[in-house]
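A.B. asks: fold the following for me, if possible:
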Amino acid sequence: MTASITVKKTDGTLITEEKLIGFRFRKNTYLPYTLLNAQIHADAEDFENSAEIFFYLGQKLVHHGLIDTLKVTYSGGSRIVSLVSRGFTSLLCQNQIEPGLKSNITFNQLMDGYYALPYVTHEDNSSQTGYIYLSGKSTMWDGVVNLSYKFCGTYPYIRETNCVRITPVSEPAVFSYTDADLLSRGFSMNCRRLISHFHMADMGGEYGQFELENPDAAAYGIVRHKYSEIDMEFLYDPDEALEFYDKVASREQKMFFCTYSGYNGEDLSDIVSFGSINSERIEGIEISGSAKGVFTQLSVYHDKF
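C.D. replies: Down below sits the predicted model:
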């Protein structure tokens, strides 16, 4: 499988490079953007004023993003380009809306009513209205997360290159792998985020009324207490705020994964079967490449979301 990177400069010039030394591409349910790290044996000479990165596997565009860093090194007659790029949805994490209560807002209004973010698209969802409360530290992504949980009980994710979704796709592609198809499969646990006890103050700043204990943490011998002020996002049900905190802290707690050679076009929210996993939603994709070839790891999470 061929991999290539096209660099778009600020004047619109396109530079396409196919001599990739190595790359690592990642996306998962809890990452609000696609992420690419790559090194290239470059033929082009001028990478000044580079602005956008397009990453292709075969004919499929899997990443379109901003440049975080780009470095050109000349050594031994070679020109090596090292770059890090995040998808344009990362801008949702870097833009704030005027703080305060935003009432009767839909997902479409949140995504379309404030800033024109380049290349960022979203699912069409205006059927539900609610409110969000934005503090001085809140970003647009925080608002998306809040509406996603209030409307659907889900965590938002990035489909395709820069499409924000809060619901599963209705017609997912389906993939099934036997052990003979795979290089490996396995299971992992992540307990570093688990919180054993959540304490939230009431409107008067007093603690004791809103409490939640996570039995999973206790079973693992984890003692971690977290205190917070009243969450204005959940004034309608403060106990639900604690349940949300617990789910966020428990994300990716258990992961089942498989690895195969190549890339078959999977995306988040598609369906996969392998080993003991039977027709579950794909929640993590990691694609790496080097002189040894291209390898894809697909992941399914068993957590509280």
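
A.B. asks: report the buried residues of the strand or helix carrying K27.
C.D. replies: Element membership for K27, per DSSP states H and E: strand 20-28. Under the neighbour-count criterion of 16 or more other C-beta atoms under 10 Å, strand 20-28 has L20, F23, F25, R26, K27, N28 buried. In this view, the C-beta of every residue, glycine as well, is placed from N, C-alpha and C.

A.B. asks: spatially nearest residue to H199, not counting backbone neighbours?
C.D. replies: Distances taken as C-beta to C-beta, 6 or more residues apart in numbering put Y227 closest to H199, at 4.7 Å, once the chain neighbours are dropped.

A.B. asks: try S299
C.D. replies: That would be G284: by C-beta to C-beta, 6+ apart, it lies 3.2 Å from S299.

A.B. asks: just to revisit the earlier point, quick one: the residue nearest to H199 and G205 touch, right?
C.D. replies: No. Using C-beta atoms under 8 Å, Y227 is not in contact with G205; the gap is 11.2 Å.

A.B. asks: and I53, how far from Y115?
C.D. replies: 21 Å (C-beta to C-beta, to the nearest Å).

A.B. asks: between these two, which is the more surrounded one?
C.D. replies: Between I53 and Y115, I53 has the larger neighbour count (other C-beta atoms under 10 Å), namely 23 against 14.

A.B. asks: ok, the more buried one - contacts?
C.D. replies: Neighbouring residues of I53 by C-beta atoms under 8 Å, 6 or more residues apart in numbering: I5, T6, V7, K8, L36, H63, H64, G65, L66, I67, L83, S85.

A.B. asks: show me what it bridges to in the sheet.
C.D. replies: Beta bridges link I53 to V7, G65 when assigned by DSSP bridges.

A.B. asks: one more: R26?
C.D. replies: L35, E286.

A.B. asks: and the contacts of the helix or strand of the chain with the lowest mean pLDDT?
C.D. replies: Least confident element among the helices and strands of the chain, by mean pLDDT, DSSP states H and E: strand 130-134 (a mean of 88). For strand 130-134, contacts defined as C-beta under 8 Å, 6+ apart pick out 96-105, 110, 142-143, 146-147, 150-151, 232-233, 235.

A.B. asks: that one: what's the following helix or strand?
C.D. replies: Sequence order places helix 140-152 as the next helix or strand after strand 130-134, per DSSP H and E.

A.B. asks: and the angle from that following helix to strand 130-134?
C.D. replies: Angle of helix 140-152 versus strand 130-134, following axes from the mean of the first three to the mean of the last three C-alpha atoms, to 10 degrees, is 150 degrees.

A.B. asks: packing partners of helix 140-152?
C.D. replies: On a contact count with 3 or more C-beta pairs under 8 Å, 6 or more residues apart in numbering; DSSP states H and E, helix 140-152 meets helix 107-112, strand 130-134.

A.B. asks: so can I have a markdown table of the ones you listed showing mean neighbour count?
C.D. replies: Output for the helices and strands packed on helix 140-152, formatted as a markdown table (neighbours: other C-beta atoms under 10 Å):
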| stretch | mean neighbour count |
| --- | --- |
| helix 107-112 | 19 |
| strand 130-134 | 18 |
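
A.B. asks: nearest to S273, out of those?
C.D. replies: Taking C-beta to C-beta, helix 107-112 is the member of the helices and strands packed on helix 140-152 nearest to S273, at 30.7 Å.

A.B. asks: partner strands of the helix or strand that that closest one is followed by, with direction?
C.D. replies: Later in the chain than helix 107-112, the nearest helix or strand by DSSP H and E is strand 121-122. Applying DSSP bridges, strand 121-122 is found paired with strand 163-165 (parallel).

A.B. asks: following the chain past the partner strand, name the next helix or strand.
C.D. replies: Where DSSP H and E defines the elements, the next helix or strand beyond strand 163-165 is strand 174-176.

A.B. asks: residues making contact with that following strand?
C.D. replies: By C-beta under 8 Å, 6+ apart, the residues outside strand 174-176 that reach it are N264, E266, D270, I271, V272, S273, F274, S279, I282, L298.

A.B. asks: would you map the helices across this protein?
C.D. replies: Assigned by DSSP state H, the helices in the chain fall at 107-112, 140-152, 215-219, 238-249.

A.B. asks: out of those helices, which is closest to D46?
C.D. replies: Closest to D46 of those is helix 140-152 (C-beta to C-beta; 34.6 Å).
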